[in-house]
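Engineer: could you look at this predicted model? Sequence included:
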Amino acid sequence: MGCSHNYVFTQGYFVCTKCGKRSYGRSYKKKQGKKIAAGVTVSLILIIGFFAYSNGIFEINPAKLDETLQSIPKDLPTLTKNLPSIPFQVSEPINKIVDSSVNEINKIEEKIQEASMPVESSEKYAVESIEYINEKRIQNGKNPIIHDSRVYELAMARAKDMYEYQYLDHTNPITGTCPYNMKSSFGLKSNENVAENAYLFGTETNPTLYNPSYTEIINGWMQSTGHRMNLLSYEHVGGSVACYGGFCVFLGLNHGLYGEGCYTASEGQAYASRFDNCTPEQMRQYEKLQQDYDKIPSVVNSQTEYHRAMEMYNQLENFRC
């Protein structure tokens, strides 16, 4: 037969005077259960907080952290020595709690990872961008251009390259890649060139994973002399726009020399600065001069044609407003 138990309370628990069995009572178990649940909750919060911090979702102010650490009592480590051990009857359900909590943590991690992935713009976004660019071109007396899927793929590759290497320029400062030496991989021919505009939503030190609206990008480019000249170039017949993780690219497709070779943003800005103070009428004069110069054959047949070509070339090179 089992013991009929005669419990007496001593040192924080009940003990049977006959068989020595210990019992902590319902109220004690309930209190301990609450402590365990609170401990598990705090642990989950700390795990999630550490994951978010390590992935850059939030930052800790070092100055405030130092101040907080200095305010912690120096005898805090000794407090753990006085904590009571967890009875087996209470600790047994923890495994079930941990198992279910791990599943929840995994789901939260997946959502955090999804939220931390850079956003890639669609080709529909590109088509709508070209339609908006055409509105600007028509307003400025230029021919509309068509969306080109090959150029879209190249523009996306350029945006991804900028995101991966974290730079904003027309030539990768590490690999040396640029639209000109990448174009053949996307089906563009030797007589097809692309001229690039680049845009970053955010800053290079604090980029965003999301992309702005195409109207915001294009309106911004229209306020910049060099970018505006590229969007409105009479030479372009096609183009596309692509964004990845806040880095956006426009490539204007032409059959001339516009965009030939690899160049940097600073070189492009130096060239475009000559036109910062030009009026729309002066820009039309410059473009007319360009168009006339483009009609001159690469091989001239007389001294007169040669002098005319050199005169127009010098006019283009020395054009200022």
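Structural biologist: Structure received. Numbering: from 1, shown residues only.

Engineer: okay, strands next: where are they in this protein?
Structural biologist: 7-10, 13-16, 22-23, 146-147, 193-200, 236-244, 247-254 (DSSP state E).

Engineer: Serialize those to TSV and add fields for mean pLDDT.
Structural biologist: Listed next are those as TSV, based on pLDDT from 0 to 100:
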stretch	mean pLDDT
strand 7-10	51
strand 13-16	56
strand 22-23	62
strand 146-147	98
strand 193-200	96
strand 236-244	97
strand 247-254	97
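
Engineer: so where's the stretch 1-150 of the chain shaky on pLDDT?
Structural biologist: 1-18, 20-96, 98-99, 101-116 (pLDDT under 70).

Engineer: 90 instead, please
Structural biologist: Across the stretch 1-150 of the chain, the ranges flagged by pLDDT under 90 are 1-118.

Engineer: buried residues of stretch 179-187, list them for me.
Structural biologist: For stretch 179-187, a neighbour-count test (16 or more other Cβ atoms under 10 Å) marks Pro179, Tyr180, Met182, Lys183, Phe186 as buried. Glycine gets a C-beta too; all of them are placed from N, C-alpha and C.

Engineer: from Cys321, how far out is Met283?
Structural biologist: Note on Met283: its distance to Cys321, by Cβ to Cβ, to the nearest Å, is 8 Å.

Engineer: so what's in contact with these two at the same time?
Structural biologist: Phe275 (Cβ atoms under 8 Å, 6 or more residues apart in numbering).

Engineer: neighbour count: those two, which is higher?
Structural biologist: A count of neighbours by other Cβ atoms under 10 Å puts Met283 above the other of Met283 and Cys321, at 18 against 12.

Engineer: how near is the residue nearest to that one when sequence neighbours are not counted to Arg284?
Structural biologist: Once flanking residues are discounted, Met283 sits nearest to Phe275: 6.7 Å by Cβ to Cβ, 6 or more residues apart in numbering. Using Cβ to Cβ, one gets 12 Å for the distance from Phe275 to Arg284.

Engineer: out of the buried residues of stretch 179-187, which sit inside helices?
Structural biologist: Secondary structure from DSSP state H places Pro179, Tyr180, Met182 of those in helices.

Engineer: per-residue confidence for the last one?
Structural biologist: According to the predicted model, the pLDDT of Met182 comes to 97.

Engineer: pretty sure it contacts Lys160?
Structural biologist: No: at 11.5 Å, Met182 does not count as touching Lys160 under the criterion of Cβ atoms under 8 Å.
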